[in-house]
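Student: Any chance you could fold what I've pasted below:
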Amino acid sequence: MKPAIEVIGTENCTGCFACYNSCPYNAIEMVENEEGFYYPYINENCTYCGVCQKFCPVITPIRFSEKFEPKFFAGWSLDERVRIKSSSGGIFPELARYILENEGVVFGVAWDENLLPIHIKVTDVDELPRLMGSKYVQSNVGMAYKEALSELRKGKPVLFSGTPCQIAGLNTFLKYSKNKDKVITVGVVCHGVPSTLIFRKYLEWAEEKYQKKVVGIEFRNKQKGWENYQVVLKLNDGTRVQEHYLLNPFYRGYLQNLYLRHSCYHCQFSTIPRYEDITLGDFWGVPKELRDKRGVSVIIANTPKGLRLLETLKELNRIELVEVDMKTATQHNPRITTGSLPIPEIRDQVLKDAKEISFGELMKQYFRPPNPVTFRIRRMIGGIIRRILR
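Tutor: Below you'll find the model as predicted:
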């Protein structure tokens, strides 16, 4: 049988790492392609056994067998510190803390020493800050699915967070496990994953601009408010460079969909019904009475198991949950219900040029941010007009 990647083709591969974790012969390596995305490379160990096809979520997606009507909520952590440090309402760290307190383990995404995102296992509450905050680059899952299975076999509860395609990959990987009922999956509302090549070029550009090494990045700093979030670069001399997300060139190109993975433009996992127990994201368009500059999460309980955990945290007075209807929850969050995005005509050219020219040249040619002074004046005028019209 053909390897899964030859069956689905590169345009449909999500880079979820399920085939990599499932291959019994170590015949699959995950390699970054020329555009900066992880793809399976089939080496000489392949016996054409077809196991990778059985565990590929694009070929054999696993949906929940239980009939359950999803429930939609606005929510936030009742711990002020957690809420402020989180990208939206701080629900994920509360879920994770509960699992750890009950002798479980948590898998999520952290930055590695090269400022690239990787999936790691956390067994202590003190390690949770590494998993907090949006990363906005596709993580290297590594053998996290195998590690999660190993923990489940020990009888431990597992919380696993990731993008919708990663959760779908975990679901297929665990489909024969007798202990899969002990895993809670948390999927993010994902806009799509940008090129790691472009991200590295951006960091190089920033280091050249500031003449210092970038040692950390916050994509969603809420010091100036949740809906007015900032991108913060941490430099090796302790300096913090902060700018509005619409002024950040990497983030701007990302929001314009100029360098997303091919499968992200037609993601089959960003739909309802979802593939995870709990879906978390920013509640853009939150009802006026719930709007809060500290951040509000949109939360979907997709399974009875997910709903029970959320209700438990509410009973413990750790989170607030306010039920809303589906239209309210999704009308400003289209990636909850659809994986369809238009592919910009210049997308392929941007990624082709990225191999040859600097990020600064790419930015000037394709996604130059607005003038900061003009941007601030326009925002100030817009704010005045909105206050007058209230």
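
Student: what sits up against the helix or strand containing Tyr251?
Tutor: Mapping Tyr251 onto the secondary structure by DSSP states H and E places it in helix 249-255. If you take C-beta atoms under 8 Å, 6 or more residues apart in numbering as the criterion, helix 249-255 is touched by 136, 191, 194, 198-199, 202, 219, 231, 245-246, 259-260, 350, 359, 362-363, 366-369. (Glycine included, C-beta is placed from N, CA and C.)

Student: Also stretch 60-67?
Tutor: In this structure, residues lying in contact with stretch 60-67 by C-beta under 8 Å, 6+ apart are 53-54, 168, 171-172, 175, 268-269, 273, 275, 302-304.

Student: List only buried entries from these.
Tutor: By neighbour count, with 16 or more other C-beta atoms under 10 Å, the contacts of stretch 60-67 hold 53-54, 168, 171-172, 268-269, 275, 302-303 as buried.

Student: CSV for these, including secondary structure?
Tutor: Converted to CSV, the buried ones among the contacts of stretch 60-67 look like this (DSSP: H, G, I helix; E, B strand; the rest coil):
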residue, secondary structure
Gln53, helix
Lys54, helix
Ala168, helix
Asn171, helix
Thr172, helix
Gln268, coil
Phe269, coil
Tyr275, coil
Asn302, coil
Thr303, coil
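
Student: Now Tyr25, what are its backbone angles?
Tutor: phi -120, psi 10 (degrees, to the nearest 10).

Student: was I right about it contacting Cys46?
Tutor: Yes: shown here, Tyr25 and Cys46 form a contact pair, counting by C-beta atoms under 8 Å, at 6.8 Å.

Student: Looking at those two, which is more packed in?
Tutor: When Tyr25 is set against Cys46 and neighbours are counted by other C-beta atoms under 10 Å, the residue ahead is Cys46, at 15 against 11.

Student: thinking again about what came up before, dump the contacts of stretch 60-67 into CSV; add distance to Asp79 and pLDDT as well.
Tutor: As requested, these are exported to CSV (distance: C-beta to C-beta, whole Å; pLDDT from 0 to 100):
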residue, distance to Asp79, pLDDT
Gln53, 45, 97
Lys54, 42, 96
Ala168, 31, 97
Asn171, 31, 96
Thr172, 35, 97
Lys175, 36, 93
Gln268, 36, 95
Phe269, 31, 96
Pro273, 31, 91
Tyr275, 29, 94
Asn302, 25, 96
Thr303, 25, 96
Pro304, 26, 96
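
Student: Name the nearest of those relative to Gly104.
Tutor: Closest approach between the contacts of stretch 60-67 and Gly104, by C-beta to C-beta: Thr303, at 17.3 Å.

Student: And that closest one, how close does it get to Asp277?
Tutor: Shown here: Thr303 relative to Asp277, a distance of 5 Å by C-beta to C-beta, to the nearest Å.

Student: ditto for Glu103
Tutor: As judged by C-beta to C-beta, Glu103 and Asp277 stand 19 Å apart.

Student: what's the spacing between Ile278 and Ser195?
Tutor: Here the distance between Ile278 and Ser195 works out to 28 Å (C-beta to C-beta).

Student: which one is the most centrally placed residue in the chain nearest to, not counting chain neighbours?
Tutor: Using C-alpha atoms, centre = their mean, the residue of the chain that lies closest to the mean C-alpha position is Thr163, 4.8 Å off. The spatial neighbour of Thr163 that comes closest, neighbours along the chain excluded (C-beta to C-beta, 6 or more residues apart in numbering), is Cys190 at 4.6 Å.

Student: Double-check the one you found against Arg335; I have them as touching.
Tutor: Yes: Cys190 is within contact range of Arg335, at 6.2 Å (criterion: C-beta under 8 Å).

Student: Mutual contacts of the two, please.
Tutor: Counting by C-beta under 8 Å, 6+ apart, the shared contacts of Cys190 and Arg335 are 267, 270.

Student: thinking again about what came up before, which of the buried ones among the contacts of stretch 60-67 lies closest to Lys288?
Tutor: Out of the buried ones among the contacts of stretch 60-67, the one with the shortest distance to Lys288 is Asn302. That distance is 26.9 Å, counting by C-beta to C-beta.

Student: how close does the closest one sit to Lys121?
Tutor: Counting by C-beta to C-beta, the separation of Asn302 from Lys121 is 24 Å.

Student: what does Leu280 give?
Tutor: For Leu280, the distance to Lys121 under the criterion C-beta to C-beta works out to 20 Å.

Student: Comparing these two, which residue is more hemmed in?
Tutor: Shown here are Leu280 and Lys121; by other C-beta under 10 Å, Leu280 has more neighbours (24 against 16).

Student: pretty sure the more buried one belongs to a strand, no?
Tutor: Yes: judged by three-state DSSP, Leu280 forms part of a strand.

Student: Would you check that it makes contact with Thr185?
Tutor: No: with contact defined as C-beta under 8 Å, Leu280 does not count as touching Thr185 (11.1 Å).

Student: Could you give the number of residues near Lys352?
Tutor: Counted with other C-beta under 10 Å, residues neighbouring Lys352 total 12.

Student: Distance of it relative to Asn12?
Tutor: Distance from Lys352 to Asn12, counting by C-beta to C-beta: 21 Å.

Student: go on, Val188?
Tutor: 21 Å.

Student: who's more crowded, those two?
Tutor: Neighbours were tallied for Val188 and for Asn12 using other C-beta under 10 Å; the higher tally belongs to Val188 (23 against 15).

Student: which residues touch the more buried one?
Tutor: Applying C-beta under 8 Å, 6+ apart, the residues contacting Val188 are 161-164, 279-281.

Student: Could you chop the chain up by domain?
Tutor: Following automatic domain parsing, one finds the domains of the chain at 4-54, 196-258+357-389.

Student: Mean pLDDT lowest where, among these?
Tutor: In terms of mean pLDDT, the lowest-scoring of those is domain 196-258+357-389 (a mean of 89).

Student: if we can go back for a sec, need the buried ones among the contacts of stretch 60-67 in JSON lines with distance to Asp126, can you?
Tutor: Listed next are those as JSON lines, based on distance: C-beta to C-beta, whole Å:
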{"residue": "Gln53", "distance to Asp126": "41"}
{"residue": "Lys54", "distance to Asp126": "39"}
{"residue": "Ala168", "distance to Asp126": "31"}
{"residue": "Asn171", "distance to Asp126": "30"}
{"residue": "Thr172", "distance to Asp126": "33"}
{"residue": "Gln268", "distance to Asp126": "37"}
{"residue": "Phe269", "distance to Asp126": "32"}
{"residue": "Tyr275", "distance to Asp126": "31"}
{"residue": "Asn302", "distance to Asp126": "30"}
{"residue": "Thr303", "distance to Asp126": "30"}
